[in-house]
Each structure stands twice: as structure tokens, then as C-alpha cells.
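# kindly generate the corresponding structure for this input.
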Amino acid sequence: MLLPVQVTVMRFPNLPRWLLLLTLGLATVLARADNDYPLVLVHGFTGWGRNELLGFKYWGGFNDLQETLNQAGYRTYTGVVGPFASNWDRACELYAYLKGGTVDYGQAHAATHGHARYGRSFPGLYPNWGMTDPQGRTRKIHLIGHSQGGQTIRVLTGLLEQGDLAEIAATPENQRSLLFQGGKSWVHSITTLASPHDGTTLAIGANLLPFARATLLSFAALAGGRSGELPYDFKLDQWGLRRQPGESFIAYLTRVEQSPIWQSRDISAWDLSPDGARELNRQFPARPQVYYFSWATSATVPAWPSRYQIPQPTLLPQFWGTALFIGSYTRHEPGLVVIDEHWWENDGVVNTRSMAGPTLDAADRIIPWRNPLHPGVWNHRGVLSGWDHMDIVGIGTTRDVGDWYRRLAKSLADLPE
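Have a look, this model is predicted:
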């Protein structure tokens, strides 16, 4: 926002004109060194919307981080995307959810992966996104993604700015989603929280689905709902997996688990694996005009003398088994990402080394956070030691994360326009 600068020549009669002009210029720049772009929270794998899970919020649990930020003066929205979908599909859903309209997964993409091209329709949380305000500035947003949400917002930002050549070639312009045309600098910053930029070893093999089942049932119990009646939606309509009237959550979950979609690479299980994440890193590098921030979490410590990582006492009990698995897993197979002891530290779900930013086949630069900040590089804010994967969104913790999010919001509002 532009603040009034009331400096006149008459008040400084002895000031040289060149120095006065310089002072006025600096004052104007400093006055503009903030922004009022809204924040958009994007959930991770198995996440849910504000009206699901009996009102138990993904962002805050029994507290509501969206409203905490709104009450502090930071306009905030919560995005909703497919909890098991690929990052491409989630990015398309997030675009339509924010801007409004029908989800278009892309003609070429849908044909390649064998699912429907179109999905649900939405009125739009922020229809003015990307439009020009009365001062001639583009209305941008700050994207904050937890876990897989961090990958999703990278894909959305990449598609907006660089477009997709396959979709442009496959679809006449009058039938093509604006998302795939490129040239849209609509994202001001990306903040990722405990995100698997290089994937998680939990997604290797057949570990992810049992973990998802156990996690969802745990959250259902925490929310106080009976699993058979749980209001939870996998949002996999493009695969023909819409929940049927009267279908119990367990029956719905079983049907999703048994679907052949899990053999596809257009699904979260692939994107969350180190090999799938490496592919994603090649496709969607950091954009030069976007500010990037990353926070890492860690809830394990090395066990002497093996150096395997074991859980800290504060880790949620639901994550102890996965923490032990990640904390000792290795892999050395030709053509696949090598997994060694550097991958062992974790937060119960994601390897800590994966959270700073993309490194596998990535051209992105990762630097320690410091002022002045520069766009186009990953400003790594460090590791929150003793925080597990859900602590950072306020679930299963006694910490006051509301204050942490208010400080985060202020730091984003302080970024130069």
C-alpha cells in the first residue's frame, strides 16, 4: 500500500534539490515496502476442507488458524484440493477453487492418464485474483502449503507463469484453461511447511496407503466422529470415485484403496516418492519474481551407536512406526534416488533433508534466511526441532501456533510489492 509522504521544499529551505529528490524517492520506496495480498492456506496429503471432519480444522484442529489470522488483520483463505490427488490435479483444483469456475485438468493431461478432463465447479474464494486494482497493480496472493501442499503450490505457480506446451498444442485457445497459457505473475510468495520437496521415503513401496488409513481414522477419533459417518471426501471425481449416498466412510475408503488409480503416476503416491519428486523438480523450477520460504521440522534424534533416528517423546504416537521406518531406511538401486543416512532425520512423516527446498535434479538455489531477501531463491528459515509433522499446523500440540502464524503473516505482509 502507498502511504502518504508529506515532505515539501518549503520545510527544508537549505537542503540541496538533488538531496531532497533523493530523500523523497527513498521515502516513497520505503512507504511502498509492504503489501496487502491475501494469504491462502493449502493442505497436504489426506487433508480436508473447513466443512469436513465435523468442523475439526486441518489448520488448527480445535482452533481455527484462518480466523486467527483474519482477526489479526491478515486476509486469509483456506484452499481445498484432492487429498490423494497428484500435484498437477491439485493445482488445477486450487486454481478453480480460488478463481471460480469448473476444474479443467487439461485435455492432454486427462488423455494421457485416462481420467475425465473436467471436475467440480466452484464460485471462487477470490474471483478478483490476477485482476488489476484501481492503482493499476495485479492482485496477487501469498501461498502457504503444508506437506504435499508445498509441492502443489509450486506446480500452480509454475503453470500460471510458464504455462504448458502440451496443453497449448492439444487444445484450441477458446477451449483452453487460462491456467495453461502462461504469463501470469499472480503469486507473490510461496511458503512451505514440512514439505517433501525431494519426496518422502514413506511413499516408497506399499507404505503410504496403510499410513493414510491409520491417519484418517486417528483424526476421525480426535474429531469425535464415528468412522462410519465421517464427513470426509476424497474428491477423486475425475477417476469416478465420488462418494455414494449412504456409503459409509470405511466402505468409501476401501473402494478408493482398491482402485487401479494407485498404479498410475497421476496420483499423490508417485509425486510424494523421491523419484516422483525428482521429476516434479525438473518440471517446475523456482520463478524469478516469486519469494520462496521454507520451514523444516524434526522430531527424531540419532540412537547411539547405530545413528538410526528414533522418535522424541513429543512425537504423536500415530507417527512412531513411520518415524522408525524413515529413520533407518536405505536404498541403492540403479536409476532410482539413493537413500542413505542423510535421509534418516524426520518428523514422523517426511525426511527433514527434503524440506529446505528442491535439490534432486533441481536448478533452484537454497540459502539460509537473511535480510535483504531476494526473490527466485529458497530462503530456508531453519529446522523446528521437536516439532512433528502435525505440530506445525496446530494438531496434537500444546504450543500456541497462532502467535507463530501471526509472525509469519507479518513477515509476508512486509515483503516489498
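
# now do the same end-to-end measure for stretch 136-154.
Between the start and the finish of stretch 136-154 there is a gap of 26 Å, counting by C-alpha to C-alpha, to the nearest Å.

# ah, wrong one, I meant stretch 316-328
Between the opening and closing residues of stretch 316-328 there is a gap of 19 Å (C-alpha to C-alpha).

# what comes up buried for it?
Within stretch 316-328, the residues that qualify as buried by neighbour count (16 or more other C-beta atoms under 10 Å) are 316, 318, 319, 322, 323, 324, 326, 327, 328. Backbone N, C-alpha and C define where each C-beta goes, glycine included.

# from the chain's centre, how far out does it sit?
Between the mean C-alpha point of stretch 316-328 and the mean C-alpha point of its chain there is a distance of 23 Å (C-alpha atoms, centre = their mean, to the nearest Å).

# what do you get for stretch 409-417?
Its chain's C-alpha centre and that of stretch 409-417 lie 18 Å apart, by C-alpha atoms, centre = their mean.

# same question for stretch 183-190.
Averaging C-alpha positions (C-alpha atoms, centre = their mean) puts stretch 183-190 14 Å from its chain's average.

# how much space separates the closest residue to residue 319 other than its chain neighbours from residue 44?
Once its chain neighbours are removed from consideration, residue 319 has its nearest residue in residue 348; the separation is 2.9 Å (C-beta to C-beta, 6 or more residues apart in numbering). Distance, residue 348 to residue 44, using C-beta to C-beta, to the nearest Å: 13 Å.

# quick check: pLDDT value at the closest residue to residue 389 other than its chain neighbours.
Beyond its immediate neighbours in the sequence, the residue positioned closest to residue 389 (C-beta to C-beta, 6+ apart) is residue 349, lying 3.9 Å away. Residue 349 carries a pLDDT value of 98.

# and residue 146, what does it touch?
With contacts taken as C-beta atoms under 8 Å, 6 or more residues apart in numbering, residue 146 has the following neighbours: 41-44, 47, 58-59, 192-195, 392-393.

# do residue 171 as well
Residue 171 makes contacts with 106, 107, 108, 180, as judged by C-beta under 8 Å, 6+ apart.

# again, only using 7 Å
The neighbourhood of residue 171, defined by C-beta atoms under 7 Å, 6 or more residues apart in numbering, consists of residue 107.

# in CSV: the buried residues of stretch 316-328, plus distance to residue 100, pLDDT and secondary structure.
Output for the buried residues of stretch 316-328, formatted as CSV (distance: C-beta to C-beta, whole Å; pLDDT from 0 to 100; DSSP: H, G, I helix; E, B strand; the rest coil):
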residue, distance to residue 100, pLDDT, secondary structure
316, 37, 93, coil
318, 37, 90, helix
319, 37, 95, helix
322, 38, 96, helix
323, 41, 98, helix
324, 45, 98, helix
326, 39, 98, helix
327, 44, 98, coil
328, 47, 98, coil
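
# what's the burial count for residue 124?
14 (other C-beta atoms under 10 Å).

# what's the spacing between it and residue 109?
In this structure, residue 124 and residue 109 are 22 Å apart, going by C-beta to C-beta.

# what does residue 159 give?
With the distance defined as C-beta to C-beta, residue 159 ends up 11 Å from residue 109.

# who has more neighbours out of the two?
For residue 159 and residue 109, the more surrounded residue by other C-beta under 10 Å is residue 159, and the numbers stand at 24 against 21.

# the more buried one reaches residue 179, doesn't it?
Yes: counting by C-beta atoms under 7 Å, a contact exists between residue 159 and residue 179, whose distance comes to 5.4 Å.

# all strands of the stretch 251-400 of the chain, in order?
For the stretch 251-400 of the chain, the strands defined by DSSP state E, counting those that start in this stretch cover 291-298, 300-302, 309-311, 366-368, 378-385.
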